[in-house]
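[1] Only the shape, not the letters, is given here:
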């Protein structure tokens, strides 16, 4: 679970933003921070119900803050995760690649 | 609003599946129905919080029922919709294009 929580946090040490339970603007700001650092490619990733929020983050970023950003690619997939009650469940994933 | 509700329903008269408030399997079955009718290209569309469900629909369809289906393209966008309280709000959208 420790690893799980870590994944939910935004990371500013690489070019991947994991969208989780925080407010949308947290992730938008994280993306802007990375762009201002000179990152040319950013991945916005999410799993399960946070997928909708990941799309909101990208749309808000593009429409309000960084009009030069292009969506380079979007991939969806499935990951097996440990359920809290034990056993494994499948969770959908999204990886939105942004290019400046 | 009548038109709005119609959009939320699955349609089986063309190759677009609008994912809304129903259970995931309703939309999976709608997709399978279209494939069995001979449709080579299907669009799975959703707005707002239903976006995560649209991804679930596609992943379930591919992994369990139709392994030959490929995700051809995914587009995200923003639509302006009338808020129930009046005024306009922006809603994120997704359009997942599947090819057999």
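    Here it is on my side, so go on. This structure is a prediction, so every number in the text was calculated from the model and none was measured.

[2] now check stretch A:15-35, is it near chain B?
    No: Stretch A:15-35 lies out of reach of chain B by Cβ under 8 Å from any Cβ of the partner chain, never closer than 10.2 Å. Backbone N, C-alpha and C define where each C-beta goes, glycine included.

[3] Any idea how far apart the tips of that stretch sit?
    9 Å (Cα to Cα, to the nearest Å).

[4] Output the contacting helices and strands for the longest helix along chain A.
    Scanning chain A for the longest helix, with DSSP state H as the assignment, gives helix A:24-36. Secondary-structure packing of helix A:24-36 (3 or more Cβ pairs under 8 Å, 6 or more residues apart in numbering or on different chains; DSSP states H and E): strand A:16-19, strand A:41-47, helix A:51-60.

[5] Tell me what angle the last one forms with helix A:24-36.
    Here helix A:51-60 points in a direction 50 degrees away from that of helix A:24-36 (axes from the mean of the first three to the mean of the last three Cα atoms, to 10 degrees).

[6] how much distance is there from helix A:51-60 to the middle of the chain?
    Mean C-alpha position of helix A:51-60 versus that of the full chain (Cα atoms, centre = their mean, to the nearest Å) differs by 8 Å.

[7] which helices and strands sit right next to it?
    In terms of contacts (3+ Cβ pairs under 8 Å, 6+ apart), helix A:51-60 is packed against strand A:16-19, helix A:24-36, strand A:41-47, strand A:88-99, helix B:50-60, strand B:70-82, strand B:88-99.

[8] ok, and what's touching the longest helix of chain A?
    Outside helix A:24-36, the residues that touch it by Cβ atoms under 8 Å, 6 or more residues apart in numbering or on different chains are A:10, A:12, A:15, A:17, A:19, A:42, A:44, A:53-54, A:56-57, A:60-61, A:65-66, A:69, A:98, A:100.

[9] what comes up buried for it?
    Within helix A:24-36, the residues that qualify as buried are A:26, A:27, A:28, A:29, A:30, A:31, A:34, A:35, counting by 16 or more other Cβ atoms under 10 Å in any protein chain shown.

[10] now, which of the residues you listed sits nearest residue A:77?
    residue A:27 (19.8 Å; Cβ to Cβ).

[11] how close does that closest one get to chain B?
    Distance of residue A:27 to chain B, computed by Cβ to the nearest Cβ, to the nearest Å: 13 Å.

[12] pLDDT at the residue lying closest to that residue once chain neighbours are set aside, what is it?
    Excluding the flanking residues, the one nearest residue A:27 by Cβ to Cβ, 6 or more residues apart in numbering or on different chains is residue A:57, at 4.5 Å. Per-residue pLDDT puts residue A:57 at 98.

[13] got any ranges where chain A has weak pLDDT?
    Along chain A, the parts satisfying pLDDT under 70 run over A:1-13.

[14] Might you report the residue contacts of residue A:42?
    Residue A:42 makes contact with A:15, A:16, A:17, A:31, A:34, A:35, A:97, A:98, according to Cβ under 8 Å, 6+ apart.

[15] neighbours of the first one, just the number please.
    A total of 17 residues lie near residue A:15 under the criterion other Cβ atoms under 10 Å in any protein chain shown.
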